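In: dropping the sequence and predicted coords here.
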Amino acid sequence: MRQNTCMNRFWPLSVVGAVAMAAIASPAADDVVGLRQADMKAMAAAAKTISGMFRDPASYKAGEFKWAADTIRDRSGAVLSGHFASEAASPQSKAKPNILKERERFDRIANDLRDYAIALDAAAENNPGPMTASMRMKPGEAMGGGPLGTHVRNEQKLSAMPAEHAFHLMLQTCTTCHVRFRME
Ligand code: HEC
């Protein structure tokens, strides 16, 4: 039931119908697969941009950092989940079939990704000039433990954490999801 509401919110009915039919004839399934793969690639490029700025803080530009964070924000959460709303049986897809069975876990990871991207957007807002020390991780700062440790438990804690730390946890959500829901 919850799943249906979610689908209706993000998919016009005609699209849901098209995707359902695509299980038989496959162009529409390929469309949604192409779309989500393109989104994933865009997120990977954005993560690379952010990672480059942490590696070389002198290259930090708030506008570009924010744009990269927003690229991930706009492709995560319910948007990401919506692209995996039905079993698009396409040979091009590397998505595992367990996504539908483990819907809640998948959606939670997609939402965590969004929460981290929002925190990074806020960091760019708050640091319009050079990259500040407050954005960097302190030496020896714990990186958050294990796959379950990446779950966003507390928004206040998230906004208090240095952006670099949020970024590392964000990358762990990418990995956590891929390990469970993407084929090798
Ligand atoms: C909630 C789950 C989830 C999250 C979070 C997630 N991914 Fe993915 N990703 C997938 C799945 C599933 C696929 C396989 C999609 C397909 O082939 O249909 C995929 C595919 C990809 C691909 C391959 C795209 C292609 O062209 O085949 C890249 C690159 C990628 N993800 C990068 C990222 C990055 C970077 C992040 C984090 C910023 C991320 N993903 C977060 C589930 C996720």
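Out: Looks like it arrived, so ask away. This structure is a prediction, so every number in the text was calculated from the model and none was measured. Numbers count the residues shown, from 1 in each chain.
In: going by C-alpha atoms from here, please, whenever you check contacts or count neighbours.
Out: Will do.
In: in the helix ranked longest in the chain, which residues are buried?
Out: Ranked by residue count under DSSP state H, the longest helix found in the chain is helix 27-55. Residues of helix 27-55 classed as buried: 28-30, 32-33, 36-37, 39-40, 42-44, 46-47, 49-51, 53-54 (neighbour count, 16 or more other C-alpha atoms under 10 Å).
In: near the ligand, which of those show up?
Out: Contacts with the ligand are made by 33, 37, 40, 43-44 out of those, judged by C-alpha under 6 Å from any ligand atom.
In: out of these, which is nearest to residue 99?
Out: Residue 99 lies nearest to residue 33 out of those, by C-alpha to C-alpha, at 14.0 Å.
In: which SSE is the nearest residue to the closest one once chain neighbours are set aside in?
Out: The shortest distance from residue 33 to any non-neighbouring residue, by C-alpha to C-alpha, 6 or more residues apart in numbering, is to residue 93 (6.2 Å). Here residue 93, judged by DSSP states H and E, is contained in no helix and no strand.
In: now do the same for residue 93: its pLDDT.
Out: In the predicted model, residue 93 carries a pLDDT score of 93.
In: pretty sure it is touching residue 31, no?
Out: No - counting by C-alpha atoms under 8 Å, no contact exists between residue 93 and residue 31, whose distance comes to 10.8 Å.
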